[in-house]
Each structure stands twice: as structure tokens, then as C-alpha cells.
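Student: Starting from these lines, generate the structure:
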Amino acid sequence: MTEPGPLAGRRVLVVEDQFIIAMELERMLKQAGSLVTAVARLKAALELAREVEFDFAVLDVNLFGEKVFPVADMLESRTIPFVLTTGYGEAAVPEGRIGWRVISKPYNAAAVVALISTVLAA
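Tutor: Model (predicted):
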């Protein structure tokens, strides 16, 4: 019998427009035991962020030229923790958004799993 992963049963929203990155992250999150919902478009992400309960979200800042910030705002208003992923580092975070976590691309999916585990354990 295998041990449950560090994210066993946790619902994670992945918003990523690069297919390979999304698939790798989804694979790592599932191996850690989480239930993953992955989308690539802003509209779908916003609907999910508004209507579905998640334990955590991983949000790519730039989705086919659209910024993911409305999704982050919605999650924040619902007190659902999230991390932004971007190639632009902290500079990608809009002014006044205190406490928004950023992981710079390219990132290691294992580091994202570790971050989520840490945040959810706090």
C-alpha cells in the first residue's frame, strides 16, 4: 500500500497556456495526491475561480496575451491561496498587490508542489 502524497485530496486549479508546462505540473500535482483542474483560457479560469471550491491555484500571468489578474483577485476575495508563475519575476505583480507569491519561469514543478504543501500546512 502506498502512502498518500503531501497534497492528498487537495483541489488545485492550474491556469497555464503552455501545454507542456501544464501537463508536467498536472502530473506532479497528481503524483502528490491532488485533484487537478487545468484550463488555459482566462474566461474559463475566471468562471472556475468564481464558482468552484479550490484549496490552491497556480496561475500563469500571461494567458495568450491576457493577464490572469482578475482570476487572482477573485481567488483572493474568496481567501483561496495561489501562486503566480511568470518569466518576469516580481515585476509582473501589479502595484498594490501585497503578499502575492511569484515563482519565476522556468520553474521546477517539484518546487511548486513544495510551495503548495507549505502554504496549505500553515
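Student: got the contact list for the helix or strand harbouring residue 37?
Tutor: Residue 37 is part of strand 35-39 when elements are defined by DSSP states H and E. By CB atoms under 8 Å, 6 or more residues apart in numbering, the surrounding residues in contact with strand 35-39 are 9-16, 22, 25-26, 29-30, 45, 48, 52, 54. C-beta: built from backbone N, CA, C; applies to glycine.
Student: List the neighbouring strands of it plus their orientation.
Tutor: Counting by DSSP bridges, the strands paired with strand 35-39 are strand 11-15 (parallel).
Student: what's the spacing between the strand it pairs with and its chain's center?
Tutor: 5 Å (CA atoms, centre = their mean, to the nearest Å).
Student: and what of stretch 46-60?
Tutor: Worked out by CA atoms, centre = their mean, stretch 46-60 lies 8 Å from the chain centre.
Student: Restrict that stretch to CA atoms and write it as CSV.
Tutor: The C-alpha coordinates for stretch 46-60 follow below in CSV (Å, rounded to 0.1, in the frame of the first residue of the first chain):
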residue,chain,number,x,y,z
LEU,A,46,-12.5,33.2,-14.1
GLU,A,47,-15.6,31.1,-14.1
LEU,A,48,-13.9,28.3,-12.1
ALA,A,49,-12.4,30.8,-9.7
ARG,A,50,-15.8,32.3,-9.1
GLU,A,51,-17.9,29.1,-8.8
VAL,A,52,-15.7,26.2,-7.6
GLU,A,53,-14.0,25.5,-4.3
PHE,A,54,-10.3,25.0,-4.6
ASP,A,55,-7.6,24.6,-2.0
PHE,A,56,-4.9,26.3,-4.1
ALA,A,57,-4.3,27.7,-7.6
VAL,A,58,-1.3,28.0,-9.8
LEU,A,59,-1.8,30.9,-12.2
ASP,A,60,0.3,31.8,-15.3
